[in-house]
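Visitor: below is the sequence, then the predicted model.
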Amino acid sequence: MRTLPLFLLLAACSSTDDGAAKAGDDTASADTDADTDADTGKGEDTSKEGDTDTDADTDSDTDADTDTDTDTDPPAPAAYTGYLGPTRIALLVDGATGSGLNPSSVVLYDPATGTSSTVSGLTVRGDAIVDCAGDAVFVLESRGAEGLTDRILRVDPTAATYAEWNLGSNFQPRDVALVLDEYWVANWGKSRLSTFDADGTAGPFFSLDAYADADGIPEANGIFVSGPTAYVTLARQSADGTRNGAKVLEIALDSKTVTRSADLAGSYPSGKMLGSADALFVHLRSTPSPDGSLATDGGVERVETAGFTSEGLFVEDATAANRQTAASLDPFQFAAWFGRTNSSGAAEVAAVALLDGTPLQTWPVADQVTGIGAADGTLWTAETPFTGGSSALVGRVPLDGTETTRVAQSGVIRGFAICVQSSEPVVDTGTPPE
């Protein structure tokens with residue numbers, strides 16, 4: 001278990017807006033009643049009414065009680081156990097070089113042994129999302145374009161086998177997190193969170209109707225858990241792309257009720273979050289501009305947790321005309337890592353301090369970075385040539401970017417997540433922006 005003197009817990013998510021139509025007739029909601037019954041029964045009264053005891057007790061007990069109670073209570077169960085499987089880098093590798101919707105394989109790379117395993121018999125859409133929670137790697141797949149139901153694939157990181165959990169039509173799952181003894185799923189296409197037990201049996205829904213925008217759906221895209229509290233980001237984006245004011249919700253785990261909400265200054269929370277003792281850090285993704293190019297409005301926003309108000313973006317790509325291509329909030333370095341293209345269109349990797357946005361590292365790379373994250377002292381990037389062709393998984397020294405490992409892939413890396421074995425929560429590093 002890693003000890004983090006600054007940050008308490010990490011959880012995260014990535015989001016990809018595929019523009020699918022949203023269902024507006026979903027009114028299901030979770031049972032959020034809290035059990036407030038109190039036991040008011042009184043013990044039996046054994047005194048006798050009217051009796052008066054006038055005897056004086058002259059006994060004196062001069063013995064000193066030197067007994068020591070050495071019993072220890074069992075530790076309370078952790079509210080969130082993070083990722084407990086073996087460290088893996090999970091990739092979705094598309095054998096073609098098309099739009100990213102081509103069938104992709106799920107590849108698990110073990111950085112300790114330098115070996116890769118492909119999940120047998122499984123292909124998914126190239127725009128699926130890879131994540132880590134509990135003891136498994138998860139693939140979240142939206143399949144409305146094929147007329148199929150959306151699904152969650154729970155992948156065993158050791159055996160490279162999988163089980164399928166069915167969601168239904170137009171859920172568009174964006175993030176999964178282990179919360180107490182169940183998994184919560186953020187759904188872009190519904191006004192609710194889904195819950196599952198460890199076997200994939202669906203539980204009660206958790207309604208977010210009160211925070212929907214004009215289309216009736218709040219577009220949940222990230223879940224982060226810290227102690228007894230969960231945080232959920234809402235993009236609140238209409239089907240035509242109109243943004244209606246992003247929010248982050250605070251949820252009490254014991255009662256499953258929303259306790260507070262905060263308006264975000266940024267327009268598109270990616271779902272990646274990180275928490276400290278007094279703040280929540282929310283990553284904002286670079287978003288498409290009207291001409292279809294990527295705008296430079298990404299960065300990191302700080303939400304002060306005492307009053308639960310946003311203090312605005314303190315890392316902002318637009319100030320340097322950078323354009324994000326990948327991002328990760330690293331709990332062990334206390335940094336935000338970005339793969340990006342700079343104002344000259346050249347690819348580079350940069351790190352900034354989460355405390356105040358101070359630049360820590362910037363170094364050039366030859367190819368576009370479409371995934372980034374840290375594991376066991378190495379910074380790992382997914383890199384794809386600007387001219388097209390297959391990607392590579394590259395390990396680098398975080399201090400200066402020196403390449404230490406290069407693992408060629410058979411196609412383009414479409415999805416990417418770092419799953420680090422730890423009792424602390426681990427954030428995924430996302431999928432390439434559109």
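Guide: Sure thing, it's come through.

Visitor: shaky segments in the stretch 1-150 of the chain?
Guide: Per-residue confidence of the stretch 1-150 of the chain (counting by pLDDT under 70) places the weak regions at 1-82, 96-101.

Visitor: and with 80 instead?
Guide: Counting by pLDDT under 80, the stretch 1-150 of the chain shows low-confidence ranges at 1-82, 95-102.

Visitor: could you give the backbone dihedrals for the closest residue in space to L84 that isn't next to it in sequence?
Guide: Taking C-beta to C-beta, 6 or more residues apart in numbering as the measure, L84 lies nearest to D135, with 4.9 Å between them; neighbours along the chain are not counted. Just so you know, the C-beta spots here come from the backbone N, C-alpha and C atoms, and that holds for glycine as well. Here the main-chain torsion angles of D135 (degrees, to the nearest 10) amount to phi -110, psi 20.

Visitor: with D317 instead?
Guide: The phi/psi pair for D317 (degrees, to the nearest 10) reads phi -60, psi -30.

Visitor: OK, contacts around L253?
Guide: Contact partners of L253, counting by C-beta atoms under 8 Å, 6 or more residues apart in numbering, are 79, 179-180, 225, 228-230.

Visitor: picking that back up, how many other residues sit next to the residue nearest to L84?
Guide: 17 (other C-beta atoms under 10 Å).

Visitor: and D263, by the same measure?
Guide: D263 is flanked by 12 other residues according to other C-beta under 10 Å.

Visitor: in the protein, where's the longest strand?
Guide: Identified as the longest strand of the chain according to DSSP state E is strand 115-124.

Visitor: of the contacts of L253, which is the nearest to S276?
Guide: Distance ranking of these against S276, using C-beta to C-beta, places T229 first at 13.3 Å.

Visitor: once you drop chain neighbours, what's closest to that closest one?
Guide: Using C-beta to C-beta, 6+ apart, the nearest residue to T229 is E250, at 6.0 Å.

Visitor: who does the one you found bridge with?
Guide: Beta-bridge pairing of E250 under DSSP bridges involves Y231, R260.

Visitor: ok, it - contacts?
Guide: Contact partners of E250, counting by C-beta under 8 Å, 6+ apart, are 229-231, 258-262, 308.

Visitor: is it possible to get TSV of the residues you listed that adds distance to P398 and neighbour count?
Guide: Output for those, formatted as TSV (distance: C-beta to C-beta, whole Å; neighbours: other C-beta atoms under 10 Å):
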residue	distance to P398	neighbour count
T229	30	20
A230	30	25
Y231	27	23
V258	38	18
T259	37	11
R260	35	15
S261	36	15
A262	32	21
F308	33	16
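
Visitor: ok, residues contacting stretch 335-348?
Guide: When contacts are defined by C-beta under 8 Å, 6+ apart, stretch 335-348 is touched by residues 281, 283, 300, 315, 317, 320-330, 349-354, 360, 362-374, 379, 381, 386.

Visitor: now, of the residues you listed, which are buried?
Guide: For the contacts of stretch 335-348, burial is judged from neighbour counts taken by 16 or more other C-beta atoms under 10 Å, and it is met by 281, 283, 300, 315, 317, 322-330, 349-352, 354, 360, 362, 365, 367-374, 379, 381.
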